[in-house]
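[1] When you get a sec, could you give me coordinates for this:
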Amino acid sequence: MTQLKNYWGQPNDRPHKVEGPCLNRTLNAAMMGAGAGTFFAACQLAWYPDAVTSVDRSTKRFAANALASDKTAIMRTIARPAFWMAAACSAFASAECLAEAARGKKDSWNASIGGMAAGLVIGATTKRFDIMTSAACGMGLFMFALDFTGESTIHETNQDNLVNKMYGVLPATHKESKALSSLKQKYPETENL
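    Numbers count the residues shown, from 1 in each chain. Below you'll find the predicted structure:
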């Protein structure tokens, strides 16, 4: 029996390094984007209480039917964000992976190239070339900065303090400060707190 690879690691190993063939990375990103787009569309449908209907209202003859949502309109409302988010995620993953393979390096420039590809897809929703260009430049810069600064949100000077705070071991017996002991002597009723 084959062992399954643990892609996610242990709970405190976040974030993990993305690796593997380009096709797997692209398909994984497309599925994650489709899932995020479906979640966004479901939240959007739940947010607005009005019925979701198609433009063609000639089939609605009764008032009760006019208040009901149309299945095709609901599917269209879910499919559009799912498609565009999947397209943007897969464009990022495939461009980053291809840049990594072509350049032979794993650095922030690959993320910048992937961000530009994702920005082009995001800007394509407007059908305007100037917005596509600016979205590509903005997303490329953003992804470069995000990858360049690293996965940690804690500055390097505070990393040791964070590790000690998360994984440090408390002493077996609690040591009180001098100020706390003097207060307990001053107020004996709080001695056992």
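[2] Name the secondary structure element that contains D147.
    Of the helices and strands defined by DSSP states H and E, D147 is found in helix 129-149.
[3] how far out from the middle of the chain is the helix or strand just after that helix?
    Beyond helix 129-149 on the C-terminal side, the first helix or strand identified by DSSP H and E is helix 159-167. The chain centre lies 25 Å from the centre of helix 159-167; the measure is Cα atoms, centre = their mean, to the nearest Å.
[4] pLDDT on helix 159-167, on average?
    For helix 159-167, the mean per-residue pLDDT is 79.
[5] Counting by contacts, list what the helix holding D147 packs against.
    Under the contact definition 3 or more Cβ pairs under 8 Å, 6 or more residues apart in numbering; DSSP states H and E, helix 129-149 sits against helix 108-123. For the C-beta atoms, the positions are set from N, CA and C on the backbone; glycine is no exception.
[6] Show me what the helix it packs on is packed up against.
    In terms of contact count using 3+ Cβ pairs under 8 Å, 6+ apart, helix 108-123 is assigned the packing partners helix 71-103, helix 129-149.
[7] Format those helices as CSV; extra columns: distance to N110.
    Listed next are those as CSV, based on distance: least, Cβ to Cβ, whole Å:
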stretch, distance to N110
helix 71-103, 4
helix 129-149, 8
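[8] if you compare the ones you listed, which one is most tucked away?
    Highest mean neighbour count of the helices and strands packed on helix 108-123: helix 71-103, a mean of 19 (counted as mean count of other Cβ atoms under 10 Å).
[9] So which bits of stretch 26-44 are buried?
    By neighbour count with 16 or more other Cβ atoms under 10 Å, stretch 26-44 contains the buried residues 26, 28-30, 33-34, 36-38, 41.
[10] Quick one: low-confidence residue ranges for this protein.
    Residues of the chain meeting the criterion pLDDT under 70: 1-17, 55-68, 171.
[11] if you set the cut-off to 80 instead, what comes out?
    Low-confidence segments of the chain (pLDDT under 80): 1-19, 49-70, 150-159, 162-163, 165-175, 191-193.
[12] Run through the residues that contact the residue nearest the centre of the chain.
    Against the mean C-alpha coordinate of the chain, by Cα atoms, centre = their mean, the closest residue is A36 at 8.6 Å. The contact partners of A36, by Cβ atoms under 8 Å, 6 or more residues apart in numbering, come to 85, 89.
[13] how near is it to P81?
    Between A36 and P81 the computed distance is 8 Å (Cβ to Cβ, to the nearest Å).
[14] got it, and W47?
    According to Cβ to Cβ, W47 stands 13 Å off from P81.
[15] ok so, going back, next, the angle helix 71-103 makes with the helix holding D147.
    Helix 129-149 and helix 71-103 are oriented at 60 degrees to each other (axes from the mean of the first three to the mean of the last three Cα atoms, to 10 degrees).
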